[in-house]
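Enquirer: output the structure for:
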Amino acid sequence: MLIDVISVRVLPKYQLELEFKNRERRKFDMRPLLSMKPWDRLANPVLFDQVKVDYGTVVWPRAIDVAPETLYDGSIPID
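Expert: Now for the predicted structure:
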């Protein structure tokens, strides 16, 4: 099941608050990805904070993104 991301907000400790098209709000922890390429470049907080939504997922400058299904499956619901 593919659910588009419609909004993103940066949280402390390299976490993202995501809202999906189905109106679910979820929290995704980016820290496990920061040791792998290409996401290791996002360990720079200035770059990490430049996240935005594009084409239904989250993207950063330098062509860095995370698939929406990864974001959904790896996130936890926010009440």
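
Enquirer: count of neighbours near Leu11?
Expert: For Leu11, the count of nearby residues is 14 (other CB atoms under 10 Å). C-betas here are computed from N, CA, C, even on glycine.

Enquirer: my guess is it contacts Glu17. True?
Expert: Yes - applying CB atoms under 8 Å, one finds Leu11 in contact with Glu17, separated by 5.4 Å.

Enquirer: show me what the lengthiest helix in the chain is packed against.
Expert: Ranked by number of residues, the top helix in the chain under DSSP state H is helix 68-73. The helices and strands touching helix 68-73, judged by 3 or more CB pairs under 8 Å, 6 or more residues apart in numbering; DSSP states H and E, are strand 15-20, strand 25-29, strand 57-60.

Enquirer: and those as TSV, adding distance to Ala67 and mean neighbour count?
Expert: As requested, these are exported to TSV (distance: least, CB to CB, whole Å; neighbours: other CB atoms under 10 Å):
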stretch	distance to Ala67	mean neighbour count
strand 15-20	13	18
strand 25-29	12	17
strand 57-60	6	19
